[in-house]
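**Student:** Sequence and computational prediction follow.
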Amino acid sequence: MNRVYAAALNALREGAESEQSATRAPRAAAARRLIAMSPWIVYSALRFGLFAVVFGVLFAIGLEWWAAAIIATVVAFTVSYIFFAGLRDRIAADLAERRERPPVDADAEAEDTATISEPSPGAERP
């Protein structure tokens, strides 16, 4: 499990144990929101945030914008590849789960049922 999610689960457990504590309540609420988010959103937000921080630091120290963007892209890719493996695994599991579920389209099912039960006006009957 990813360290971020493990820390979020621990914060959630701590928050549930002591709801009276004013300092732990905000952390528990943040952990609940983080756990409830789609892994796609969390992974994308972390990668974009990492890119933005690195780009901002490099641009602030005087690098050209295009060089800062290239370096920030490489750094964000490398860090996310090394440290966000748990999130990538959750995304892969989510993708596999979505692929296994049959698409549910109530309109298409109703249309298929109506088409099967009523022949079209120009269709020949045997």
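**Tutor:** Okay, I see it. Numbering: from 1, shown residues only.
**Student:** What ranges does the chain have for its helices?
**Tutor:** Listed in chain order, the helices of the chain (DSSP state H) span 3-17, 24-36, 39-60, 65-83, 85-100, 106-117.
**Student:** Ranked by average pLDDT, which of those helices falls at the bottom?
**Tutor:** Of all the helices of the chain, mean pLDDT reaches its minimum on helix 3-17 (a mean of 59).
**Student:** Can you pull the domain assignment for the chain?
**Tutor:** If you go by automatic domain parsing, the domain ranges for the chain are 1-36, 38-101.
**Student:** Setting aside sequence neighbours, what's the nearest residue to F59?
**Tutor:** Leaving aside its chain neighbours, F59 sits nearest to A68 (4.6 Å; criterion: C-beta to C-beta, 6 or more residues apart in numbering). Using the backbone N, CA and C atoms, a C-beta is placed for each residue, glycine as well.
**Student:** again but with V54, I slipped
**Tutor:** V54's closest residue in space is A72 (C-beta to C-beta, 6+ apart), at 4.0 Å.
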